[in-house]
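Enquirer: need the 3D shape of this:
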Amino acid sequence: MQRKWSRGTFLKVGGGVSVAALLGGCGGFGVGQSTGGLGGGVTIWEISTGIEKASLLEELARFNEEHPGVDAKMQFFENDPYKQKLRVAMGAGNPPDVFYSWGGGNLESYVDAGKVYDLSEALENDPDWGEEFLPNVMEGVTFDGKAYGVPVTDVQPNCVFYNRAIFEEYGLSPPETFDGLKDVISALKGEGVIPIALGGQSKWTYMIWMQQLVLRVGGAAPFDRVIRGETNAWSDPAFVEAGTMLQDLVRMGAFEEGFAGVSFDTGQASALLNTGTAAMHHIGVYDYENHLTANPDFVENKLGWFRFPAVGGEDPVDASGNLANFYSVSRASKNKEEAITFLKEGTLSVETRIKNGAVPPVKGIEPRLEEAENSSWLSFVYDLVKGAPNYQLSWDQALSPVLAERLLVNLEQMVLLASAPKDFSAAMNEAMREA
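Expert: Residues are numbered from 1 along each chain as shown. Purely as a prediction, here's the structure:
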């Protein structure tokens, strides 16, 4: 599934301007030839590629054959141009009927601007559909108790990949605690092996570490206070402690030399693991497909995985990452009933998604995962999410675009040891006041 590897594009909606502000000023802009959903059939805007795009088109043909009165049309865009096109179309009052989103702060900006249709009643009126999704994934599209989207892709939590051959050679086991992780790092350094790959050029890779450490140190509550906009929320001790732990890893040489210039988006960080140069890589589960494409022999014979270790005595079950991707319905659509029919009956089936190597955020699919190819991997991913009391959306998606940009800049400064954890917290508190 080629779509997965470019997680780095799952970031800000654009520049340093909020979606709401852009929408408020877009009324006079045109979008060229009309491609929106204001009559003339249901239009769906998508960004999927590869296997998933092919599957979507097959499903669309089946749907149109079974629902000749709907006339659904799917248009595909590249990721970043899509964000700009959607923003302009929303502002011009000419959006598609159904649009692809990442949930979180970006979608909430459109909701706050009155551009997204509330699906709560439709979900409640059809319990078989409305209650099939994992609740902790639906939180990404639920605002003020109302649902503004449904998941249509796989879950993408973060985990730690490791090279089983390297671990076996040096008598190591996947660590269960953070102190154990540091012991493994020290042992690998002693053998001249890079302990952990880190694609720092992509910046959001720093956030993956910081977010998971905060979850282990303080649970979900510290960032929940950030989302609620509480004054000085970033000064919670969990942020400072997590930042200190991350800097400790940098100082002890846990990552490759020059990690700030190594890209995840171009496959450099992943290659460090699948070529045997590095022993571990903490990243989203979407990287599995990268390894499968680049080095299938490595996946079959050497690739292992484990959940992020515990800090202290807590049970390490809270997860973070991309909850899923979602379809939402534009409030301006004149085809809302048909659009909802498409959401129910025109998206990829659970069976198709599992066949494509994805783990859909749907309840009770354990038996089907156990029968699938790569069942141990798929079941591991599902358990990461299903068993998580808190499955926290990636910070850069949960925050507004402006704050997400400031987050990545300030995190980079801290990880590169140019600022202290307390300075990071102060800078983020200031960013919140200015936003």
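Enquirer: do a quick rundown of the strands in the stretch 1-150 of the chain.
Expert: 43-46, 73-76, 98-101, 142-143, 146-147, 150-151 (DSSP state E, counting those that start in this stretch).
Enquirer: gap between the third one and the chain center?
Expert: Which is strand 98-101. Remark: strand 98-101 is offset 15 Å from the chain centroid, using Cα atoms, centre = their mean, to the nearest Å.
Enquirer: rewinding a little: make TSV from the strands of the stretch 1-150 of the chain and add mean pLDDT and mean neighbour count to it.
Expert: The way it works is simple: take the backbone N, C-alpha and C, and place the C-beta from them, glycine included. Listed next are the strands of the stretch 1-150 of the chain as TSV, based on pLDDT from 0 to 100; neighbours: other Cβ atoms under 10 Å:
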stretch	mean pLDDT	mean neighbour count
strand 43-46	97	24
strand 73-76	96	16
strand 98-101	96	26
strand 142-143	94	17
strand 146-147	98	18
strand 150-151	96	24
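Enquirer: any regions of the stretch 1-150 of the chain where pLDDT drops low?
Expert: Applying pLDDT under 70 to the stretch 1-150 of the chain flags the ranges 1-40.
Enquirer: now do the helices in it.
Expert: For the stretch 1-150 of the chain, the helices defined by DSSP state H, counting those that start in this stretch cover 19-24, 50-66, 79-91, 104-112, 120-125, 127-130, 135-138.
Enquirer: can you tell me what sits against the fifth one?
Expert: Helix 120-125 is contacted by residues 129, 130, 145, 146, 147, 150, 340 when judged by Cβ atoms under 8 Å, 6 or more residues apart in numbering.
Enquirer: is the fifth one in a bridge, and if so with what?
Expert: Counting by DSSP bridges, residue 147 forms beta bridges with residue 142.
Enquirer: my read: it touches residue 138, true?
Expert: Yes. Contact criterion Cβ atoms under 8 Å: residue 147 and residue 138 qualify, at 6.5 Å.
Enquirer: count the neighbours of the closest residue to residue 298 other than its chain neighbours for me.
Expert: Nearest non-adjacent residue to residue 298, counting by Cβ to Cβ, 6 or more residues apart in numbering: residue 274, 4.4 Å away. Using other Cβ atoms under 10 Å, residue 274 has 26 other residues around it.
Enquirer: can you give me the distance of residue 274 to residue 288?
Expert: Relative to residue 288, residue 274 is positioned 11 Å away (Cβ to Cβ, to the nearest Å).
Enquirer: and residue 390, by the same measure?
Expert: 23 Å.
Enquirer: more neighbours: these two, which one.
Expert: Legend: neighbour count by other Cβ under 10 Å for residue 390 and residue 288, higher for residue 288 (24 against 16).
Enquirer: now that one, what's its secondary structure?
Expert: helix (DSSP: H, G, I helix; E, B strand; the rest coil).
Enquirer: return the residues in contact with it.
Expert: Applying Cβ under 8 Å, 6+ apart, the residues near residue 288 are 161, 299, 303, 357, 377.
Enquirer: which members of these are the farthest-apart pair?
Expert: Using Cβ to Cβ, the two most remote members of these are 161 and 357, lying 15.6 Å apart.
Enquirer: can you pick out the residue with more neighbours from these two?
Expert: Using other Cβ under 10 Å as the criterion, residue 161 and residue 357 rank with residue 161 on top: 22 against 19.
Enquirer: element containing the more buried one?
Expert: Using DSSP states H and E, residue 161 sits in strand 156-163.
Enquirer: after that strand comes which helix or strand?
Expert: That would be, after strand 156-163 and using DSSP H and E, helix 164-169.
Enquirer: mind giving me the packing neighbours of that following helix?
Expert: The contact analysis (3 or more Cβ pairs under 8 Å, 6 or more residues apart in numbering; DSSP states H and E) places helix 164-169 against strand 303-306.
Enquirer: ok, now which ones touch the most centrally placed residue in the chain?
Expert: Per Cα atoms, centre = their mean, the C-alpha nearest to the average position across the chain is that of residue 322, at 1.9 Å. Residues near residue 322 by Cβ under 8 Å, 6+ apart: 7, 10, 102, 155, 156, 157, 284, 286, 393, 394, 397.
Enquirer: and which of those is nearest residue 220?
Expert: The closest of the contacts of residue 322 to residue 220 turns out to be residue 393 (Cβ to Cβ; 10.6 Å).
Enquirer: contacts only, for that closest one.
Expert: Per Cβ under 8 Å, 6+ apart, neighbours of residue 393: 103, 104, 139, 140, 320, 321, 322, 323.
Enquirer: need the buried ones from these selected in PyMOL.
Expert: Remark: buried members of those, expressed as a PyMOL selection using 16 or more other Cβ atoms under 10 Å:
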select buried, resi 103+104+139+140+320+321+322+323
